[in-house]
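In: Predicted coordinates and the sequence they were generated for:
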Amino acid sequence: MEILFICKTLPHEKVIGGPIIIYNRVRILSQRHNVSLLSFVSPDEWDHVETVARYCRDFRGVPMPVYRNPFRKAWDFFFSPIPIYFLNNYSPDMYATLRDMVGSAHYDVVVSEYSMVAQYLFRNPDLEGIKRVMSVHECYYLARRKAWRVQRFSREGLSALVNMKGLKKFEFDMYADADRVLVLTPQGKQELLDIRPDLNISVVPHGVDVEHFCASGECAKERAVMFLGNYPHDPNRDAVVWFHANVWPQVRDRVPEALFYVVGKDPTPDLLDIARRDPSVIVTGTVEDVRPYFERSKVFVNPVRIGGGFRGKILEAMSMGLPIVTTSLGAEGVDAESGREMIIADDPVKFADAVVRLLDDEGMCELLGERAREMAVECFSWEKGVEELEKVLFEVVEGS
């Protein structure tokens, strides 16, 4: 097949979070197909382009769009047919580059990774005769609705409420225009079908490099817990803030020497402020390799309350053999039994009890970690997920 991926952020080999799934889809599919990539590239990502471009028949990078004029934003908010949330990533350069790529080479299918760039497939006459697949890592309308219901009249909750204007109709009309919609979890599929039962949806799960994310035993364990995320993505920021306010004090009361590692890209000012005020919290920022933090921590916590899709971080923790305490939302997509492969707790008291128990119980840590690693290897290797994607793309291209 001739496959073109369109991405909202560069999927390179060092990236964490959602874009790593796109990097591995490109990498593995390129072994059997001609794969091209069109991606927005931020200023600090250009040095990483070659790590993914080497797998591509054609690679094109477009600078991130700038949308800062407050008067234009106000006008667009009230009068644009495109919701303000999507206009944040609207780029005439992206449309022009896509037009050039499909005009100069044949493609069987174009795959938009993230709904934000699905707008470039939506009713686009340049793509006539090319199958269009929209990969929904997170439904923005549903994510904003969850954020409003959880965060209410906070700044973030009100922002979610404002961003819902026009979002539901535009986003679901866009999905209905695709030849196929991809989601990461069965729960995500059902959520979309509850709103538009006519959507043609396939579940293609996340994955993990089970050889790369494997404990080496080189780091001594600390009485520490960790969380991993890309913090401009608000569900990750919110998870840390909620955990630190509602769970961490209970843990520290019972395990005073415990540490909390907040690992990952671009920590927000409120997270940096938490670390300044609380010496038990270490905010690392971007790190070259996350595995040493998995190895030195005894427990991985995944206290996400909002957002959607699949959290790849939980698969990395499973692959590293780390015991996990997570919310129900954080465990979506993993058919795990609480108390067997991980502990699922939504109440802050129960969440804290589980963390403390694991910090104190070596045997339980080892058992949960072993079972989690087994599940990661058996069910979530990258090759298995990409094989499923390949089947779906063949179905779409062949019209079955």
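Out: Looks like it arrived, so ask away. Numbers count the residues shown, from 1 in each chain.
In: next structured bit after the strand or helix carrying residue 283?
Out: Under the criterion of DSSP states H and E, residue 283 resides in strand 281-285. Next in sequence after strand 281-285, counting helices and strands by DSSP H and E, comes helix 291-296.
In: Centre of the chain to the strand holding residue 283, how far?
Out: Averaged C-alpha coordinates place strand 281-285 at 20 Å from its chain's average position (CA atoms, centre = their mean, to the nearest Å).
In: quick one, strands of the stretch 151-300 of the chain?
Out: For the stretch 151-300 of the chain, the strands defined by DSSP state E, counting those that start in this stretch occupy 180-183, 201-203, 224-230, 259-265, 281-285, 299-302.
In: Parallel or antiparallel, list what pairs with the first one.
Out: Taking DSSP bridges as the criterion, strand 180-183 pairs within the sheet with strand 131-136 (parallel), strand 201-203 (parallel).
In: picking that back up, determine the set of other helices and strands touching the strand holding residue 283.
Out: Packed against strand 281-285 by the contact rule (3 or more CB pairs under 8 Å, 6 or more residues apart in numbering; DSSP states H and E) you find strand 259-265, helix 269-277. C-beta coordinates here come from the backbone N, C-alpha and C atoms, glycine included.
In: on that earlier part again, among the strands of the stretch 151-300 of the chain, which is the most enclosed?
Out: Among the strands of the stretch 151-300 of the chain, the stretch with the highest mean neighbour count (mean count of other CB atoms under 10 Å) is strand 299-302, at a mean of 26.
In: The residue nearest to residue 106 when sequence neighbours are not counted: neighbour count?
Out: Nearest non-adjacent residue to residue 106, counting by CB to CB, 6 or more residues apart in numbering: residue 2, 5.6 Å away. Per other CB atoms under 10 Å, the neighbour tally for residue 2 reads 16.
In: can you give me the offset of the strand or helix carrying residue 62 from its chain's centre?
Out: Taking DSSP H and E as the criterion, residue 62 maps to strand 59-63. In terms of CA atoms, centre = their mean, the centre of strand 59-63 is found 21 Å from the chain centre.
In: Mind listing what's buried along it?
Out: 59-62 (16 or more other CB atoms under 10 Å).
In: I'd like to know which of those residues is nearest to residue 10.
Out: Among the buried residues of strand 59-63, residue 61 lies closest to residue 10 (CB to CB), at 7.1 Å.
In: List the backbone torsions phi and psi for the nearest residue to the closest one once chain neighbours are set aside.
Out: Among residues not flanking residue 61 along the chain, residue 41 sits closest, at 4.0 Å (CB to CB, 6+ apart). Backbone torsions of residue 41, given as degrees, to the nearest 10, read phi -130, psi 120.
In: residue contacts, residue 41?
Out: 10, 49, 61-64 (CB atoms under 8 Å, 6 or more residues apart in numbering).
In: Residue 97 is in contact with residue 60, correct?
Out: Yes: counting by CB atoms under 8 Å, residue 60 does reach residue 97; the two are 5.1 Å apart.
In: who touches both of those two?
Out: In terms of CB under 8 Å, 6+ apart, residue 60 and residue 97 are both contacted by the residues residue 38.
In: Then residue 367 would be within a helix, right?
Out: Yes: Residue 367 forms part of a helix when assessed by DSSP: H, G, I helix; E, B strand; the rest coil.
In: From residue 279, how far off is it?
Out: 32 Å (CB to CB, to the nearest Å).
In: neighbour-wise, which of these two wins?
Out: Applying other CB under 10 Å to residue 367 and residue 279 shows that residue 367 carries more neighbours, namely 14 against 8.
In: one step back: what's the most distant pair in the contacts of residue 41?
Out: Using CB to CB, the contacts of residue 41 reach their maximum pairwise distance at 49 and 64, which is 13.8 Å.
In: can you give me the mean pLDDT across stretch 120-138?
Out: The pLDDT scores in stretch 120-138 average 96.
In: For it, what is the distance to the chain centroid?
Out: So, by CA atoms, centre = their mean, the centroid of stretch 120-138 is 21 Å from its chain's centroid.
In: That stretch: which residues count as buried?
Out: Neighbour counts over stretch 120-138 (16+ other CB under 10 Å) mark 120-122, 124, 126-127, 130-138 as buried.
In: Quick one: closest of the strands paired with strand 180-183 to residue 243.
Out: Among the strands paired with strand 180-183, strand 131-136 comes nearest to residue 243, with 26.8 Å by CB to CB.
In: Give me the residues contacting the closest one.
Out: The contact list for strand 131-136 (CB under 8 Å, 6+ apart) reads 108-115, 118, 121, 174-175, 177-184, 188, 192, 204, 309, 392-393, 396-397.
In: rerun at 7 Å
Out: Under the criterion CB atoms under 7 Å, 6 or more residues apart in numbering, residues 108-113, 115, 118, 121, 175, 178-183, 393, 396-397 lie in contact with strand 131-136.
In: taking those residues one by one, which sit in helices?
Out: Members of the contacts of strand 131-136 lying in helices (criterion: DSSP state H): 175, 393, 396-397.
In: Put the buried members of the residues you listed into a ChimeraX selection.
Out: Here is the ChimeraX command that selects the buried residues among the ones in helices among the contacts of strand 131-136 (16+ other CB under 10 Å):
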select :175,393,396,397
